[in-house]
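Novice: What follows is a predicted protein model with its sequence.
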Amino acid sequence: EPEVTQTPSHQVTQMGQEVILRCVPISNHLYFYWYRQILGQKVEFLVSFYNNEISEKSEIFDDQFSVERPDGSNFTLKIRSTKLEDSAMYFCASSEAFSKPHRYFGPGTRLTVL
Amino acid sequence: RKEVEQDPGPFNVPEGATVAFNCTYSNSASQSFFWYRQDCRKEPKLLMSVYSSGNEDGRFTAQLNRASQYISLLIRDSKLSDSATYLCVVTDHGSSNTGKLIFGQGTTLQVKP
C-alpha cells in the first residue's frame, strides 16, 4: 500500500531556532495537510494545501509557520522561530481530494523544543 | 463547548466483549463523520465512515444521529489487537473545499486476555 513518509522522525531544537519538517505525500495525491498533536491531547488541524496555495489554516498556523511544495514530491512545514509550546508530534497527510474522507497520515515527526 | 467531545476512558474490557463508544459534535452544519484509530505514538488511520443509515464493517458498527448530533461505534467480539485510541472525526460545511478534519480527543480501549 502506498504511504506518506516524513523526515526526520525526531527533531530536537533550541527555542528560537528554525526547523523544517519534511514530508513525501502519496505520489498521485494533490491535496496535502499538516496536523499536530501535543502529547496527551487531540490531533489539531494546522493547514491544508492544494495547487501551491493554502486552502485553509487554523489559528495555530500564525506567521511563524509556512508550508511549501519545493518540488514535485516534497511538502514541507517550516517553523521560523520555535517556542517551547511548539513541542508536539507533527503529522503530514495527503488525499485524493478535499472531499474524500480518507486522509493518509505519515508516521509523524516528534519535535522537541528545549 | 468542544467541537467534538468523547469520553476519554480508558475502557478496559476482556477479550470477546462488546464495547460501545459515543461522541457528540457541536456544529449542526457538520457534514461528514468518521472513526479513526490511533495506536500509541502512531499516526491516525481511517477505520470507517459513518452514515445516517448506519454502517457495518465486520465486527465494527457505526451509527449517526443527526438530530442528537451523536455518533457511536460498536465493537463486537473484542480482540487484543483492538486495543487503541478511537478518534471521532467530523468535517464542517466548508471542509469539502478545504479538507479540514476536526478530531475529538479520543477514547482509549484496552482489551485484556
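Specialist: Received, thanks. Residues are numbered from 1 along each chain as shown, chains lettered A, B, ... in the order given.
Novice: Tell me what the residue nearest the centre of chain A is bridged to.
Specialist: Closest residue to the average C-alpha location of chain A: A:Trp34 at 3.2 Å, with CA atoms, centre = their mean. Taking DSSP bridges, one obtains A:Val47, A:Cys92 as the residues bridged to A:Trp34.
Novice: which bits of chain B sit near chain A?
Specialist: Counting by CB under 8 Å from any CB of the partner chain, chain B comes close to chain A at B:32, B:34, B:38, B:41-46, B:49, B:87, B:94-106. Backbone N, C-alpha and C define where each C-beta goes, glycine included.
Novice: Quick check on the residues you listed: which are buried?
Specialist: Neighbour counting by 16 or more other CB atoms under 10 Å in any protein chain shown classes B:32, B:34, B:38, B:43-44, B:46, B:49, B:87, B:95, B:98-106 among the residues of chain B next to chain A as buried.
Novice: So which of these are in strands?
Specialist: Those of those mapping onto strands are B:Phe34, B:Gln38, B:Pro44, B:Leu46, B:Ser49, B:Leu87, B:Ile102, B:Phe103, per DSSP state E.
Novice: ok, the last one - contacts?
Specialist: Listed by CB atoms under 8 Å, 6 or more residues apart in numbering or on different chains, the contact partners of B:Phe103 are A:Tyr35, A:Lys42, A:Val43, A:Glu44, A:Phe45, B:Val4, B:Tyr36, B:Pro44, B:Leu87, B:Cys88, B:Val89.
Novice: Next: the fifth one.
Specialist: In this structure, B:Ser49 makes contact with A:Pro101, B:Ser32, B:Phe33, B:Phe34, B:Asn55, B:Ala62, judged by CB under 8 Å, 6+ apart.
Novice: Just name the shakiest helix or strand of chain B by mean pLDDT.
Specialist: helix B:95-98 (a mean of 66; mean pLDDT, DSSP states H and E).
Novice: Just put the contacts of B:Phe103 in CSV and tack on distance to A:Ser9 and pLDDT.
Specialist: Output for the contacts of B:Phe103, formatted as CSV (distance: CB to CB, whole Å; pLDDT from 0 to 100):
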residue, distance to A:Ser9, pLDDT
A:Tyr35, 16, 97
A:Lys42, 22, 96
A:Val43, 18, 97
A:Glu44, 20, 96
A:Phe45, 22, 95
B:Val4, 28, 95
B:Tyr36, 21, 96
B:Pro44, 17, 96
B:Leu87, 22, 97
B:Cys88, 27, 97
B:Val89, 24, 95
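Novice: from those, which is closest to B:Asn12?
Specialist: When the contacts of B:Phe103 are compared for distance to B:Asn12 (CB to CB), B:Leu87 wins out at 18.8 Å.
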